[in-house]
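Asker: predicted model and sequence follow; I will ask about them next.
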Amino acid sequence: MEHSQVKELLLQSLEHERGGIQVYENAIKCALNDDLKEEWGKYLEQTRNHERILLRVFKELGLDAEEQSPGRGIVKQLGQALVQALQTAQKTAAPEAAELVACECVVLAETKDHADWELISKAAEKSTGKQKATLQSAADEVEDQEDEHLYHSKGWCRELWIQSLGMKAVLPPPEERKHVTTAIGAARAEQQSEKGR
């Protein structure tokens, strides 16, 4: 295991969770669908908790949670760009268009978030001692939530786009109703939504 890269992964993950909080705070303002607002409100609280979990990881591993790195700086810029897109959409776009922008920004943010936590879990598998226990404990707390965030958000985005195209949408999406937390489950839910149109 390359210790410096584990630290880099954690730095980027923490920065991304912080950006994710801002993404959700702004996305909720763009959401029109009450079920979507409720779901994103839940995800916002979970994302705040993920930040706390990562801060605990830094403390337990004796790492500086505020250390800067070039990669962390890029992650911060990406998060700020998503927030700026959300704010611009809210100010300048029709409400339905702003909601679609919000869905897309959430999916983009959750794609990286999901990848980060998968990598933290893989790092835990190959670590030893305190690092292994600390990383595994954090991943165990968060990974299922991240699966839900990604797959459900993609479902919302797909169905709201379908609705905007004037076609029959399935809202809330099947991923939501079936509590999907795997890629296979998401694919099955998408197939089911196609059959229901």
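Answerer: Received, thanks.
Asker: tell me the SS of residue 63?
Answerer: Judged by DSSP: H, G, I helix; E, B strand; the rest coil, the three-state class of residue 63 is coil.
Asker: so how many other residues sit close to the spatially closest residue to it that is not a sequence neighbour?
Answerer: Here the nearest residue to residue 63 in space, its sequence neighbours aside, is residue 7; by Cβ to Cβ, 6 or more residues apart in numbering that works out to 6.0 Å. Yep, even glycine has a C-beta here, placed from its N, CA and C like the rest. By other Cβ atoms under 10 Å, the residues close to residue 7 number 16.
Asker: show residues contacting the helix or strand of the chain with the lowest mean pLDDT.
Answerer: Lowest by mean pLDDT, DSSP states H and E among the helices and strands of the chain is helix 183-195, with a mean of 77. For helix 183-195, the external contacting residues (Cβ atoms under 8 Å, 6 or more residues apart in numbering) are 151, 154, 155, 158, 159, 170, 173, 174, 175, 178, 180.
Asker: again, but for stretch 21-34
Answerer: Counting by Cβ under 8 Å, 6+ apart, stretch 21-34 makes contact with 37, 40-41, 43-44, 47-48, 51, 79, 82-83, 86-87, 89-90, 95-96, 98-99, 101-103, 105-106, 109, 156, 160, 171-172, all of which sit outside it.
Asker: cutoff 7 Å now
Answerer: Contacts to stretch 21-34, defined as Cβ atoms under 7 Å, 6 or more residues apart in numbering, come from residues 37, 40-41, 43-44, 47-48, 51, 79, 82-83, 86-87, 89-90, 95-96, 98-99, 101-102, 105-106, 109, 171.
Asker: if you count neighbours, what's buried in it?
Answerer: Buried residues in stretch 21-34, counting neighbours by 16 or more other Cβ atoms under 10 Å, are found at 21, 22, 23, 24, 26, 27, 28, 30, 31, 33.
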